[in-house]
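K.L.:
whatever this is, show me its structure:
(one chain, ligands or ions: 1)
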Amino acid sequence: MSEVIVEIDHVSMQFNLYKERVDSIKEYMIKMFKKQMNVEPFIALQDISFKVEKGDSLALLGMNGSGKSTLLKLIAGVLKPTTGSIKTVGTIAPMIELGAGFDIDLTARENIFLNGAVLGYSKADMVSHFDKIIDFSELHDFVDVPIKNFSSGMLARLGFSISTVTQPDILIIDEILSVGDYKFQEKCEIRIHEMIQGGTTILFVSHSMEQVKEICNKAVYIEKGHVLEYGDVHQICDRYMV
Ligand SMILES: Nc1ncnc2c1ncn2[C@@H]1O[C@H](COP(=O)(O)OP(=O)(O)OP(=O)(O)O)[C@@H](O)[C@H]1O
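P.N.:
So this is what the prediction gives:
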């Protein structure tokens, strides 16, 4: 029996785009109070419904600005949908934005504990996982360096290593791998396959169709905030690439 782990039910997301230029918070507050802010609603996602089954590895495909990251943020609970509902089962490790959950003024060591807490792990958990995280990230020489001095690839290494040191029920990866070098990307792909074997459900965004086909079995094709198709990854990739 298949088990639904993510259920997206008639979800829409509207952002308010402020067209007014304001130069200070004071000016913003005054304009808001006087209702002088020129707000234009923008619908980023409209009436999205689909289900993800446990153990599936789902790619979200679509052109820039189609709504992939917004949908992942809704699933991760970072954003709330304007209408509709989202149900998820179990723990979620979201890698949505490079450096999210980190404090750039803190060192890699300090950020491991900070990010661990954000993901819901205790300090004792993180102490026991610490060496494994550093080994996987290969950042041994940079453990006590503030991460504001890290390259984007180093941040991705740290984020991926923390998020995958345990086995979350749902792992969300939004474009993070693309900034890693090819050796680290290969290592991540092996780790992702191990997690899939272990029962983790993957939600994956990448503009590399090679990587998508390597990692995912299903795909959802999003265009301008609408779901065009959902199904087998190879079929959807072929339609997307036309
Ligand atoms: N906080 C926000 N406020 C206003 N508009 C937003 C906000 N976040 C996203 N948008 C808009 O929603 C639309 C979808 O953005 P989103 O980042 O989800 O696209 P994407 O498919 O992930 O794009 P890309 O492939 O370029 O990463 C875009 O037009 C974007 O400008």
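K.L.:
grab the nearest non-local neighbour of the most centrally placed residue in the chain.
P.N.:
In the chain, the residue lying closest to the centroid (C-alpha atoms, centre = their mean) is residue 96, at 2.7 Å. Spatially, and ignoring its direct neighbours in sequence, residue 96 is nearest to residue 174 (4.7 Å; C-beta to C-beta, 6 or more residues apart in numbering). C-beta coordinates here come from the backbone N, C-alpha and C atoms, glycine included.
K.L.:
pretty sure residue 164 contacts residue 196?
P.N.:
No - between residue 164 and residue 196 no contact is recorded; they are 11.6 Å apart, counting by C-beta atoms under 8 Å.
K.L.:
ok, those two, which is more surrounded?
P.N.:
Higher neighbour count among residue 164 and residue 196: residue 164, with 22 against 18, using other C-beta atoms under 10 Å.
K.L.:
the more buried one and residue 210, how far apart?
P.N.:
21 Å (C-beta to C-beta, to the nearest Å).
K.L.:
next one: residue 219
P.N.:
Taking C-beta to C-beta, one finds residue 219 at 14 Å from residue 210.
K.L.:
also residue 216?
P.N.:
Taken as C-beta to C-beta, the span from residue 216 to residue 210 is 11 Å.
K.L.:
comparing these two, which residue is more hemmed in?
P.N.:
The neighbour count for residue 216 versus residue 210, taken as other C-beta under 10 Å, is higher for residue 216 (25 against 9).
K.L.:
surely the more buried one and residue 204 touch.
P.N.:
Yes - between residue 216 and residue 204 there is a contact under C-beta under 8 Å: 5.6 Å.
K.L.:
give me the common contacts of these two.
P.N.:
In the contact map built from C-beta atoms under 8 Å, 6 or more residues apart in numbering, the residues linked to both residue 216 and residue 204 are 57, 58, 59.
K.L.:
nearest to the ligand, of these?
P.N.:
Among the shared contacts of residue 216 and residue 204, residue 59 lies closest to the ligand (C-beta to the nearest ligand atom), at 12.4 Å.
K.L.:
what is the helix or strand harbouring the closest one packed up against?
P.N.:
Secondary structure from DSSP states H and E places residue 59 in strand 57-61. Packing partners of strand 57-61 (3 or more C-beta pairs under 8 Å, 6 or more residues apart in numbering; DSSP states H and E): helix 68-76, strand 201-205, helix 209-215, strand 218-223, helix 233-241.
K.L.:
which residues of this protein lie near the ligand?
P.N.:
Applying C-beta under 6 Å from any ligand atom, one finds that the chain approaches the ligand through 15, 17, 42, 44, 62, 64, 65, 66, 67, 68, 69, 70.
K.L.:
for ChimeraX, what selects the buried ones among the residues you listed?
P.N.:
Selection of buried members from those for ChimeraX, criterion 16 or more other C-beta atoms under 10 Å:
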select :44,62,66,67,68,69,70
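K.L.:
state the pair within the residues of the chain next to the ligand that is farthest apart.
P.N.:
17 and 62 (20.0 Å; C-beta to C-beta).
K.L.:
quick check: the gap between residue 163 and residue 66.
P.N.:
Counting by C-beta to C-beta, the gap from residue 163 to residue 66 is 24 Å.
K.L.:
what residue of the chain is the furthest out?
P.N.:
Largest centroid distance in the chain under C-alpha atoms, centre = their mean is residue 34 at 37.5 Å.
K.L.:
quick one: contacts for it?
P.N.:
Residue 34 neighbours (C-beta under 8 Å, 6+ apart): none.
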